[in-house]
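> Turn this into a model:
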Amino acid sequence: MPKLNVLIAGSTGYIGIELIKILCNHKNILIKYLCGSTSVGKKISSFDKNLKTKKLPKIVKFKKIYLENVDIIFTALPNGEAQNISKHLLAKNILIDIAADFRLSSSKQYLKWYHQKHKAPENIKKSLYSLPEITGKLIQDYKIISCPGCYPTSILLPLIPLIKKNLINLENIIVDSKSGYSGAGRGVHKAYVGKNLYESIKAYGIGFHRHNSEIEQEIKKINKNKKLNITFTPHLSPMFRGILSTIYVETKNDVTLNKINNFFKSNFKNKKFIKYMKLNTQISTNDVINTNYCQISLCKTRYKNKYIILSAIDNLIKGGAGQAVQNMNIKFGFPESRGLK
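Predicted structure coming up:
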């Protein structure tokens, strides 16, 4: 099979670099263009020495004429820029956005949460919010694939199956998430000068973090008529990468710990990139770093019908570049794990 040509826009960011590393090991892919705005003419190896041995193009400024020569466009850009690119897509192009440009199914909601007008509202209906383990082959019908945010990935993978099966109450879900500082992008070092980024932990976006919008949106898709009350608080942690989400749920009287445990075992059995652990396993980000896995653990508490779900991912891979490649693999009929560790 001939290789598919790929353009990566936003190639020098943390996720862009991870994407390049993955695609270099994908036998069906040829990286045709690496695009950036402030590093034109540079070699990508200047951002990561591990890429020195790879034959890769120099960084160029994006031009729409490049779309004629590629099959897939990956975008890991500031908000709004993938929307501009989407206006120029050709019939043969597939856009896989790792940023937030097509995560929300309403342009009004996008304006509300991102404080800017959507530049391509006509393309929202052509896009799919694709968490691979949930959407599966639905992806075949869409030209624009929107990859979930890193926090929502860790939260929705365990929650959506439970909600679909009506096993938990929706009125008081609490999520406490810790992320490595790479999730804030390369600019985090400038933003936190003199603020002890590497030795402290910080809560932020309390009550109004943008990822609330997609978490609530995806849950409401499967429970339109039920009242939803989910409290999500993210924290920036003194580690480079990884996310650990601690999710507090309450069940109805007839839903026991064992019932949820048996359901999770069955539901995750054939999910390639979900590792479901034994009951009450205390997990850490260390077990998923540099992989596309989501590790999930169900734990009991001192209180009846109240349980804790732990979910760990690498924010740059399962929460970013790896999930994008996983979506691509499903879209094009490749083995789901091709190119991924």
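> Can you get me the start-to-end distance on stretch 295-308?
In terms of Cα to Cα, to the nearest Å, the two terminal residues of stretch 295-308 are separated by 14 Å.
> cool, and stretch 222-241?
By Cα to Cα, the extent of stretch 222-241 from end to end equals 31 Å.
> Quick check: buried residues in it?
Neighbour-count burial for stretch 222-241, with 16 or more other Cβ atoms under 10 Å as criterion, is recorded at Ile230, Phe232, Pro234, His235, Leu236, Ser237, Met239, Arg241. All C-beta atoms are positioned from the backbone trio N, CA, C, and that covers glycine.
> With respect to Leu77, which of these is nearest?
Arg241 (20.2 Å; Cβ to Cβ).
> The closest one against Gly180, yeah?
Yes. With contact defined as Cβ atoms under 8 Å, Arg241 reaches Gly180; the gap is 4.2 Å.
> Could you name every residue contacting both of those two?
Counting by Cβ atoms under 8 Å, 6 or more residues apart in numbering, the contacts common to Arg241 and Gly180 are Thr285, Asn315.
> just to revisit the earlier point, show me the buried residues of stretch 222-241 that map onto strands.
Among those, DSSP state E puts Ile230, Phe232, Pro234, His235, Leu236, Ser237 in strands.
> can the residues you listed go into TSV with extra columns for pLDDT?
Putting those into TSV (pLDDT from 0 to 100) gives the following:
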residue	pLDDT
Ile230	95
Phe232	97
Pro234	96
His235	96
Leu236	93
Ser237	94
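> So Ser177 sits against Thr231, correct?
No. Using Cβ under 8 Å as the test, Ser177 is too far from Thr231 to be in contact (11.3 Å).
> Make TSV from the buried residues of stretch 222-241 and add distance to Leu257 to it.
Written out in TSV, the entries for these read as follows (distance: Cβ to Cβ, whole Å):
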residue	distance to Leu257
Ile230	21
Phe232	24
Pro234	27
His235	27
Leu236	32
Ser237	29
Met239	30
Arg241	31
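> Could you single out the nearest of those to Arg338?
Distances from Arg338 to these, taken as Cβ to Cβ, are shortest for Arg241 (22.5 Å).
> phi, psi of the closest one?
Geometry field for Arg241 lists phi and psi as phi -140, psi 160, criterion degrees, to the nearest 10.
> What of Ile308?
Ile308 has phi and psi values of phi -120, psi 130 when expressed as degrees, to the nearest 10.
> Just give the nearest non-adjacent residue to it, would you?
Leaving aside its chain neighbours, Ile308 sits nearest to Cys299 (4.5 Å; criterion: Cβ to Cβ, 6 or more residues apart in numbering).
> Equivalent analysis for Ser37, please.
Nearest residue to Ser37, sequence neighbours excluded (Cβ to Cβ, 6+ apart): Lys61, at 6.5 Å.
> Test my guess that that neighbour contacts Leu34.
No. Using Cβ under 8 Å, Lys61 and Leu34 do not qualify as a contacting pair, with a distance of 10.8 Å.
> worst-scoring helix or strand of the chain, pLDDT-wise?
Comparing helices and strands within the chain by mean pLDDT, DSSP states H and E singles out helix 188-191 as the least confident, with a mean of 69.
> strand partners of the next helix-or-strand element following that one, parallel vs antiparallel please.
Toward the C-terminal end, the helix or strand that comes next after helix 188-191 (DSSP states H and E) is strand 202-203. Sheet pairing of strand 202-203 (DSSP bridges) gives strand 230-237 (antiparallel).
> No further queries at this time; thank you.
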